[in-house]
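Visitor: Turn this into a structure:
(one chain, ligands or ions: 1)
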Amino acid sequence: MFEVNDLTKVYPGGRGIQGLNLTVQAGEVVALLGPNGAGKTTALQAMAGWVGTDRGEASWNGASVADRPELTRPYMGLMIGEPSPYLYLTGYDYLKCYHKLYPGVDDARIRQTLELVGMAKYGDLKIKKYSTGMKQRIELASVLLHRPKLLLLDEPFSGMDIEGRREISTMLRGLVADTGVSVIVSSHQVHDIEDWITHACIVYEGRHVHTAGIAQIRESFAGVEDYYLHHLAEERSGASV
Ligand SMILES: Nc1ncnc2c1ncn2[C@@H]1O[C@H](COP(=O)(O)OP(=O)(O)OP(=O)(O)O)[C@@H](O)[C@H]1O
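Guide: You can find the predicted model right below:
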């Protein structure tokens, strides 16, 4: 189980994320939703232990991500920020770099992961020749390689075409169903995640606004987008009083 308690990271200037609480069980997929600058990436970076927090923490099965990386990082797959694979390596060699880090990642697993992200045909091509969407796929492969139990994905579909987004969201949905991996995913493309998330969590101007399960959302709204827009409007009207 992944727990986020009172997670707070405030940058000089006052922006960031404050007081975020979340619990993610095995097989649950939480969409982190919010407008540009709401604090989604900061929240994911703080959950991953990439930035120090001012308050609160994230923990995996009771171990603090920041204090006990040796107990937590091997279980996490982190795709946060722009993909930046080494351009002069082939996709296969880029993934091969990870095999020293993770026991159990061998040639067969690399080939299997390339297949999983739809890159089997392009594994021997240099990454500099990849399109933006292909770079995104190879980055995704690098975080799936060691079979993580928790995925933190920041805009995993950015740069992908319509077909690619459908393909990757179907793959991720299958991965959750087959392996019970837990996922926190931020995306502005609600339609790409709508049919495989179990919860949605809205943040706005660094504040945690609302979290709900998908059944609860569907009871009251036409879909996740309506749920999101409703709470955003409520928050904005409250903020303007
Ligand atoms: N290193 C930093 N120093 C100062 N302020 C920062 C830093 N990183 C982010 N911010 C500010 O914190 C706020 C939240 O940024 P963040 O990138 O977390 O938002 P986001 O919700 O991921 O946005 P987007 O949807 O545009 O990716 C923004 O106002 C941003 O300008």
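
Visitor: near the ligand, which residues of the chain?
Guide: Applying C-beta under 6 Å from any ligand atom, one finds that the chain approaches the ligand through 11, 13, 15-16, 34, 36-42. Placement of C-beta: from N, CA and C, glycine included.

Visitor: Among these, which lie within helices?
Guide: 40-42 (DSSP state H).

Visitor: Out of those, which end up buried?
Guide: Applying 16 or more other C-beta atoms under 10 Å to these, the neighbour count classes 40-42 as buried.

Visitor: one step back: among the ones in helices among the residues of the chain next to the ligand, which one sits closest to residue 235?
Guide: The closest of those to residue 235 turns out to be residue 40 (C-beta to C-beta; 15.1 Å).

Visitor: picking up where we left off before, now restrict the residues of the chain next to the ligand to buried residues only.
Guide: Using 16+ other C-beta under 10 Å as the burial test, the residues of the chain next to the ligand include 16, 34, 38-42 as buried.

Visitor: For the closest residue to residue 75 other than its chain neighbours, which residues are in contact?
Guide: In space, and not counting its chain neighbours, residue 75 is closest to residue 149: 4.4 Å by C-beta to C-beta, 6 or more residues apart in numbering. Neighbouring residues of residue 149 by C-beta atoms under 8 Å, 6 or more residues apart in numbering: 26, 75-76, 180-182.

Visitor: between those, which is closest to residue 209?
Guide: Looking across these and measuring by C-beta to C-beta, the closest to residue 209 is residue 182, at 21.8 Å.

Visitor: Please name the bridge partners of that closest one.
Guide: Residue 182 has these beta-bridge partners by DSSP bridges: residue 150.

Visitor: if I pick the most centrally placed residue in the chain, what's in contact with it?
Guide: Centroid-nearest residue in the chain, with C-alpha atoms, centre = their mean: residue 153, separated by 1.5 Å. The contact partners of residue 153, taken as C-beta under 8 Å, 6+ apart, are 79-80, 140, 143, 183-186.
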